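Novice: How does the following fold in three dimensions:
(one chain, ligands or ions: 2)
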Amino acid sequence: MGDAEAFTREFLPLFRPVPPTRPGVCRICHSGPNNARDTGGPHATCASCKRTTQHLYGHTKEVVPISLTTTNEQLYDVLIREKDPRGAGGRRERADFLAATVSHFYQQHARCLQERAGGPFTLVATIPSNNLHAPAKPLHLMWKVVEKVGALGRLWQPLLLEADTTYAPVLADRRSHRNAFQIPRPDRVDKARVLLVDDLFVSGAHVQSAASALIETGAAAVVALVIARLINPASADPYSAGIWKQAREQLFCFDRCCICDRHDHSRRTSNR
Ligand SMILES: [Zn+2]
Ligand SMILES: [Zn+2]
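Specialist: Ligands and ions are numbered 1, 2, ... in the order given. Down below sits the predicted model:
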């Protein structure tokens with residue numbers, strides 16, 4: 001990947017900052033949790049993460065979105081509607097744009113991600129498409145993206161296979177399953193620190209099913225890096241609306257992520 005910093009500069013308005021974990025922000029995916037009925041305060045995790053981390057062998061507590069998005073944003077169109085993005089310098093190819101995004105973010109925040117994994121990553125994995133209505137594409141988008149990012153492409157391996165169509169309806173229903181993905185070469189995963197890279201985090205069904213398979217196969221750590229976390233600003237939950245309002249008011253910059261923001265916050269708090 002060439003100059004990811006210069007490439008992403010024209011596209012900064014497409015990104016929305018992701019808040020650090022705090023009361024009212026899900027500690028796994030950085031979306032908005034619902035109110036706990038018993039205390040009236042916010043849950044520590046959102047309803048999606050609560051649902052998709054249950055009944056698995058294991059799950060990742062570390063989901064790091066680069067940006068937030070809603071279904072009305074250009075970033076969503078790029079990720080889901082397969083549109084090429086339009087920036088200050090005109091239209092660019094979506095795989096190049098996504099690779100520059102991942103590359104620039106990883107340049108800035110590799111340490112943040114590695115810290116959550118307990119050391120440098122030894123493997124990079126992407127999630128095969130598990131879509132009820134479309135056959136799995138052999139050259140999945142995120143594989144193409146990761147391959148263009150030197151630091152990650154070197155560590156990428158075809159670790160995960162979609163088990164079979166049995167679990168497609170489960171995942172489509174935004175539920176996770178420990179058998180949704182198979183790992184044909186378990187020896188590659190044993191004791192590995194895996195960076196799981198995916199495009200859009202909606203409920204965590206795919207990411208957490210994949211994380212469960214990796215952990216069950218012996219991975220020492222799984223950290224998920226996702227390009228965007230989908231948020232519903234019209235949700236009845238007041239936290240999601242608040243998070244989106246704040247994300248629209250603040251400028252996005254690649255120098256900060258939802259992890260190093262948290263560090264800055266704890267430093268500020270401990271200096272008081
Ligand atoms: Zn969550
Ligand atoms: Zn960071």
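Novice: How about F7, nearest residue that isn't a chain neighbour?
Specialist: A100 (3.8 Å; CB to CB, 6 or more residues apart in numbering). Every residue, glycine included, has its C-beta placed from N, CA and C.
Novice: Got phi/psi on that neighbour?
Specialist: Dihedral pair for A100: phi -60, psi -40, per degrees, to the nearest 10.
Novice: What's the per-residue pLDDT of it here?
Specialist: Listed pLDDT for A100 reads 97.
Novice: That one: neighbour count?
Specialist: When neighbours are defined as other CB atoms under 10 Å, A100 has 25 of them.
Novice: again, but for the one 5 residues further on
Specialist: F105 sits with 23 neighbouring residues when counted by other CB under 10 Å.
Novice: Enumerate every residue touching it.
Specialist: Residues near F105 by CB atoms under 8 Å, 6 or more residues apart in numbering: I66, L225, F254, C257.
Novice: Of those, which pair is most distant in space?
Specialist: L225 and F254 (13.6 Å; CB to CB).
Novice: Pairing partners for whichever residue of the stretch 51-200 of the chain sits closest to ligand 1 in the sheet, please.
Specialist: Closest approach between the stretch 51-200 of the chain and ligand 1, counting by CB to the ion: V63, at 7.3 Å. For V63, the beta-bridge assignment (DSSP bridges) gives partners A224.
Novice: That one reaches A224, doesn't it?
Specialist: Yes: V63 is within contact range of A224, at 4.6 Å (criterion: CB atoms under 8 Å).
Novice: Now the common contact residues for the two.
Specialist: F201, V207.
Novice: burial count for the residue of the stretch 51-200 of the chain closest to ligand 1?
Specialist: Neighbour number of V63 under other CB under 10 Å is 28.
Novice: try L159
Specialist: Residues within reach of L159, counting by other CB under 10 Å, total 27.
Novice: all strands in the stretch 151-272 of the chain, in order from the N-terminus.
Specialist: With strands called from DSSP state E, counting those that start in this stretch, the stretch 151-272 of the chain shows them at 161-162, 181-182, 193-201, 221-230.
Novice: quick check, stretch 20-30 touching ligand 2?
Specialist: No: judged by CB under 5 Å from the ion, stretch 20-30 stays clear of ligand 2, getting no closer than 9.7 Å.
Novice: roughly how far is that stretch from the heart of the chain?
Specialist: 14 Å (CA atoms, centre = their mean, to the nearest Å).
Novice: Also stretch 113-128?
Specialist: 12 Å.
Novice: picking that back up, take the contacts of F105 and write them to TSV, including pLDDT.
Specialist: What follows is the contacts of F105, written out as TSV (pLDDT from 0 to 100):
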residue	pLDDT
I66	98
L225	98
F254	97
C257	97
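Novice: neighbour-wise, which of L225 and F254 wins?
Specialist: Set side by side, L225 and F254 show more neighbours around L225, with 24 against 18, by other CB under 10 Å.
Novice: Can you give me every residue that contacts the more buried one?
Specialist: Listed by CB under 8 Å, 6+ apart, the contact set of L225 reads V64, I66, V102, F105, Y106, L113, L195, L196, V197, D198.
Novice: repeat for Q107
Specialist: A4, E5, A151.
Novice: That's all I had, so thanks and see you.
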